[in-house]
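S.K.: Starting from these lines, generate the structure:
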Amino acid sequence: MEVVSAGYTTVIAPETAFVALLFVVVSVPVFVGTVALANRATGDDEVAELR
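M.R.: Predicted structure coming up:
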C-alpha cells in the first residue's frame, strides 16, 4: 500500500519504519554482544590448549 503525502510516495507507513528501525537498533547490538561473549568464552579454552 502506497501513501502519498507532501508530494512524495512512501512504500511503508512511517510508524512501521520507526518500529523496524527500533528493532534493528536493539537486535543488532544484542546479537553482536552474544557473539562476542561466546567468542571470548571459547577463546580462553583455545589459549589453554595452545599452552
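S.K.: in a helix, that's where residue 23 is, yeah?
M.R.: Yes: Residue 23: assigned to a helix according to DSSP: H, G, I helix; E, B strand; the rest coil.
S.K.: Run a quick neighbour tally on it.
M.R.: Neighbour count of residue 23, defined by other Cβ atoms under 10 Å: 10. For the C-beta atoms, the positions are set from N, CA and C on the backbone; glycine is no exception.
S.K.: can you check residue 19 too?
M.R.: Neighbours of residue 19 under the rule other Cβ under 10 Å: 12.
S.K.: Distance check, it against residue 34.
M.R.: 22 Å (Cβ to Cβ, to the nearest Å).
S.K.: and what of residue 15?
M.R.: Separation of residue 15 from residue 34 (Cβ to Cβ): 29 Å.
S.K.: what helix or strand is residue 37 on?
M.R.: helix 14-50 (DSSP states H and E).
S.K.: okay, and the helix or strand of the chain with the least pLDDT?
M.R.: strand 3-5 (a mean of 60; mean pLDDT, DSSP states H and E).
S.K.: remind me which residues of the protein are low pLDDT?
M.R.: Where the chain drops to pLDDT under 70, the residues are 1-10, 43-51.
S.K.: mind redoing it with 90?
M.R.: Applying pLDDT under 90 to the chain flags residues 1-14, 37-51.
S.K.: Quick check: residue 40 vs residue 34, distance?
M.R.: Distance, residue 40 to residue 34, using Cβ to Cβ: 11 Å.
S.K.: cool, and residue 26?
M.R.: Residue 26 is 13 Å from residue 34, by Cβ to Cβ.
S.K.: can you check residue 20 too?
M.R.: Residue 20 is 21 Å from residue 34, where distance means Cβ to Cβ.
S.K.: Backbone dihedrals for residue 12, both of them.
M.R.: Note on residue 12: backbone dihedrals following degrees, to the nearest 10 are phi -120, psi 160.
S.K.: quick one, what contacts it?
M.R.: By Cβ atoms under 8 Å, 6 or more residues apart in numbering, the residues touching residue 12 are residue 20.
S.K.: burial measure for residue 11, as a count.
M.R.: Residue 11 has 9 neighbours, counted by other Cβ under 10 Å.
S.K.: Report the separation between it and residue 35.
M.R.: 31 Å.
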